[in-house]
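Novice: Sequence below, structure please.
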Amino acid sequence: MIPLKDVIPSRTFPVVTIALIVMNSLAFLFEVSLPDQRLESFIRVFGVVPAGFHPMALLTSMFLHGGWLHFLGNMLYLWIFGDNVEDRLGHGRYLLFYVICGGVAGLAHVFMNPASTVPTIGASGAIAGVMGAYFVLYPRSRILALLPLFIFFEVIEVPAIFFLGIWFVMQFFSGVGSIAMGARAASGGGVAFWAHVAGFLAGTISVFVFRKPSRTQWG
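Specialist: Residues are numbered from 1 along each chain as shown. A predicted model of the protein is given here:
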């Protein structure tokens, strides 16, 4: 399922979410402007390399992406779920929350792949945290999603708790599968599933610290 939008209007202008999308977009456009050799060196410096870990890479890696699908998918999820979470947390707290979730996700990847020399990049861990917060704050919301049916597509309305729950379960079992792959998983290649899991869990827990005093909930 491909999410298209949620059904909850934001009550404040999502300035931080938009700023994050703009910053990610500018960083990605810079990436695609680089020749292959320079891009590889750039990613190695600013991505998270577990075997040569540098704390600053936890931040810089959040704004880099490995291709158009990676970039567009992440920005779509950030746009759909970020505005409402920003509304409930407040702009400043939301930005700090986002960075912390991304940092926890990066650390989880380092912990699970300590010998990997492959750089990991992407905003997925931080956005997983936003999704975890949405899961807690808006369990009764609904998501309009595009469902591929062979050569046809259908737009369906899915409970947010179901959509996000299924996403998390898929990431978790994919992470378990990556452990079972042994040597290949240790190389650190492919999707950083445990970063997604850790980011989502960080979001579900830390949202209780960062959210503003309770207001009228969406029903």
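
Novice: Let's verify residue 114: helix, strand, or coil?
Specialist: Using DSSP: H, G, I helix; E, B strand; the rest coil, the three-state assignment for residue 114 comes out as coil.

Novice: same question for the helix or strand containing residue 102, mean pLDDT?
Specialist: For residue 102, the enclosing helix or strand under DSSP states H and E is helix 91-112. Averaging pLDDT along helix 91-112 yields 96.

Novice: That one: which residues count as buried?
Specialist: Applying a neighbour-count criterion of 16 or more other CB atoms under 10 Å, one finds 91, 93-95, 97-110, 112 buried in helix 91-112. C-beta coordinates here come from the backbone N, C-alpha and C atoms, glycine included.

Novice: would you list every one of the strands in this protein?
Specialist: 2-6, 142-149, 152-159 (DSSP state E).

Novice: contacting residues around residue 80?
Specialist: Taking CB atoms under 8 Å, 6 or more residues apart in numbering as the definition of contact, the neighbours of residue 80 are 3, 4, 5, 6, 143.

Novice: no, scratch that, I was asking about residue 156
Specialist: Residues near residue 156 by CB under 8 Å, 6+ apart: 1, 144, 145, 147.

Novice: List the buried residues in stretch 124-144.
Specialist: Result for stretch 124-144 [16+ other CB under 10 Å]: buried residues 124-138, 141-143.

Novice: neighbours of residue 73, just the number please.
Specialist: Other residues near residue 73 number 17, with proximity taken as other CB atoms under 10 Å.

Novice: for residue 175, that is, sorry about that
Specialist: Counted with other CB under 10 Å, residue 175 comes out at 21.

Novice: now the residue of the chain most remote from its centre: how far from residue 69?
Specialist: Among residues of the chain, the one most distant from the C-alpha centroid is residue 151; the distance is 28.8 Å, by CA atoms, centre = their mean. Taking CB to CB, to the nearest Å as the measure, residue 151 falls 20 Å from residue 69.
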